[in-house]
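A.B. asks: fold the following and give me the result.
(one chain, ligands or ions: 2)
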Amino acid sequence: MLKLENYEAIINKCSHCGYCQATCPVYLEDMLESHVARNRLNLINQVLILKTMPSTPRFREILDRCLLCTNCTQTCSSKVPVDEIIIAARAETGKSTLGGLKSFVMSKMLQQRGLTGLMGKAGSLVQKMGVAAREMPQLASKPFSQIYSGTIPAQGEQRGRVAYFVGCGTNFLYPDTGIATVQVLTRNGWEVVIPAGQVCCGIPAMAEGDLAAAREMVATNLNLFDLDNVDAVITDCTSCGMMIKEKFSKMLNPEDPLQEKAQAWAGKIYEITDFLQQQGLSDRPASLYASFTYHVPCHRGWSPTVVDAPRELLGNLPGAELRELPDPEKCCGAAGTFFMEHRDLSERIRSHRVEQIEASEVQTVITQCPVCRFYLSASLNSQQVTHPVIMLAQAYENVSQE
Ligand code: SF4
Ligand code: SF4
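C.D. replies: Numbers count the residues shown, from 1 in each chain. Ligands and ions are numbered 1, 2, ... in the order given. Down below sits the predicted model:
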């Protein structure tokens, strides 16, 4: 469980080596040692565990000014799960910087998929707070849940059966990702089951330190899926994938009867392009005719192959030209709702990424994170940002047109 007391021993494993400094997007902007993971850990230890220092507004600001990008966790030489310790500290200090709005979004909208009207209300509240309309994702005219549901049969000879976990980004903002996911899977012989009643994976609530709300969402989802009858659980979102693979089990008590199911999910979860690349395409797309680059999402550490898959699936198609960015894994600064609370910092982080993309002169940017997708789109004028599975689906369309 993400309780600070469970991290008391591991927090002392930080050797202060400083490897995490070079990969922290916040430190690289602010250049303040207080924002490097080793200092955040030291402060959490002093204030919340040893209680040798008081909890001040500055301490809470340092806790808050973290993207939870996991770059420090991924690079840590001592394997300290820095992101989890920061989340546990936020839970302990009762972080709630947007107050009523955040509680409203977390407790209502993300737990009740059908209430899309609430999403619009949340959006108008955010706009009242001064966040420009262009900086807010626009709701799709029809959520994915109204486009596909139930069981969608495989085309041709069936290779297997997968369950599809539909994240909030795909359901509310980018149903085109979900449509492409279903089309490509079924085209390649996979029957797709979409269990009804799915809710948010819980990562936004967890990031806020609202562990009770996150646990409720995790339990709702775990109870919906019959894992015995599927070969894999598919997600199109790298953040949902990380949540399912690495955090579902940690949201539950060790003795919770859902533990077994949480661990079974962890063994079966795949990001869509990672799954397709590992299984192989039985139906080959022919051509793409597009130049593109790949913005690698921060939440990539849960699968060793999730960043290779889009490159391999698309990069070798006739007409495809993959132009790598100088630093493809650089954070875009969005980080869930972070960009709303820390607009200046997020915009500064994003500006470096946007400069690199514009200099590449590609037509398209691919990324497997819906938040990166809308946040980069909001600042790019000449390039579209899309999910790699959408480009793959387009490559199939090119086949049928030939
Ligand atoms: S999670 Fe990201 S932003 Fe937070 S301390 Fe680690 S590297 Fe920095
Ligand atoms: S890389 Fe890990 S061990 Fe080294 S300073 Fe950062 S948190 Fe501590």
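
A.B. asks: OK, contacts around the residue of the stretch 101-250 of the chain found nearest ligand 2?
C.D. replies: The stretch 101-250 of the chain approaches ligand 2 most closely through Glu246 (17.3 Å), counting by CB to the nearest ligand atom. In short, each C-beta sits where N, CA and C put it, glycine included. Residues in contact with Glu246 (CB atoms under 8 Å, 6 or more residues apart in numbering) are 266, 302.

A.B. asks: mind splitting this structure into its structural domains?
C.D. replies: 4-93, 144-277, 283-401 (automatic domain parsing).

A.B. asks: chain center to stretch 282-300, what's the gap?
C.D. replies: 18 Å (CA atoms, centre = their mean, to the nearest Å).

A.B. asks: buried ones in it?
C.D. replies: 285, 287-288, 290-300 (16 or more other CB atoms under 10 Å).

A.B. asks: just curious, which of those is nearest to ligand 1?
C.D. replies: Cys298 (7.4 Å).

A.B. asks: now the closest one: phi and psi?
C.D. replies: phi -60, psi -40 (degrees, to the nearest 10).

A.B. asks: next, find the distance separating it from Ser249.
C.D. replies: 21 Å (CB to CB, to the nearest Å).

A.B. asks: over to Arg40?
C.D. replies: 24 Å.

A.B. asks: the two - which one has more neighbours?
C.D. replies: Counted by other CB atoms under 10 Å, Arg40 and Ser249 do not tie: Arg40 has more neighbours, with 25 against 20.

A.B. asks: isn't the more buried one up against Glu61?
C.D. replies: No - if you go by CB atoms under 8 Å, Arg40 and Glu61 don't touch, sitting 11.3 Å apart.

A.B. asks: find the centremost residue of the chain, please.
C.D. replies: The chain has Ser239 as the residue nearest its centroid, 2.1 Å off, counting by CA atoms, centre = their mean.

A.B. asks: thought it was touching Cys372?
C.D. replies: No - counting by CB under 8 Å, Ser239 does not reach Cys372; the two are 9.4 Å apart.

A.B. asks: helix, strand, or coil at Ala196?
C.D. replies: coil (DSSP: H, G, I helix; E, B strand; the rest coil).

A.B. asks: picking that back up, show me whatever sits in contact with both of Ser239 and Cys372.
C.D. replies: Pro297.

A.B. asks: now do the top helix by length along the chain, average pLDDT.
C.D. replies: Scanning the chain for the longest helix, with DSSP state H as the assignment, gives helix 343-360. Taken as a whole, helix 343-360 carries a mean pLDDT of 96.

A.B. asks: quick check: next helix or strand after the helix or strand of the chain with the lowest mean pLDDT?
C.D. replies: One helix or strand of the chain scores below all others by mean pLDDT, DSSP states H and E: helix 116-128, with a mean of 53. Proceeding N to C from helix 116-128, the next assigned helix or strand is strand 150-152, under DSSP states H and E.

A.B. asks: and that following strand, what's buried?
C.D. replies: Ile152.

A.B. asks: helices or strands next to that strand in the packing?
C.D. replies: Strand 150-152 sits against strand 190-194, with contacts defined as 3 or more CB pairs under 8 Å, 6 or more residues apart in numbering; DSSP states H and E.

A.B. asks: what's the strand it packs on packed up against?
C.D. replies: Using 3+ CB pairs under 8 Å, 6+ apart: strand 190-194 touches strand 150-152, strand 160-164, helix 175-187.

A.B. asks: let me have the ones you listed in CSV, adding distance to Asn45 and mean pLDDT as columns.
C.D. replies: Output for those, formatted as CSV (distance: least, CB to CB, whole Å; pLDDT from 0 to 100):
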stretch, distance to Asn45, mean pLDDT
strand 150-152, 50, 97
strand 160-164, 41, 98
helix 175-187, 41, 98
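
A.B. asks: dump these to CSV, plus distance to Gly18.
C.D. replies: Shown next, in CSV, are the helices and strands packed on strand 190-194 (distance: least, CB to CB, whole Å):
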stretch, distance to Gly18
strand 150-152, 50
strand 160-164, 42
helix 175-187, 38
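
A.B. asks: now the helices for the stretch 151-300 of the chain?
C.D. replies: For the stretch 151-300 of the chain, the helices defined by DSSP state H, counting those that start in this stretch cover 168, 175-187, 203-208, 211-224, 238-242, 259-268, 272-279.

A.B. asks: picking that back up, between the domains of the chain, which gets nearest to ligand 1?
C.D. replies: Of those, nearest to ligand 1 by CB to the nearest ligand atom is domain 4-93, at 3.3 Å.

A.B. asks: excluding chain neighbours, what is closest to Ser78?
C.D. replies: Lys13 (4.4 Å; CB to CB, 6 or more residues apart in numbering).
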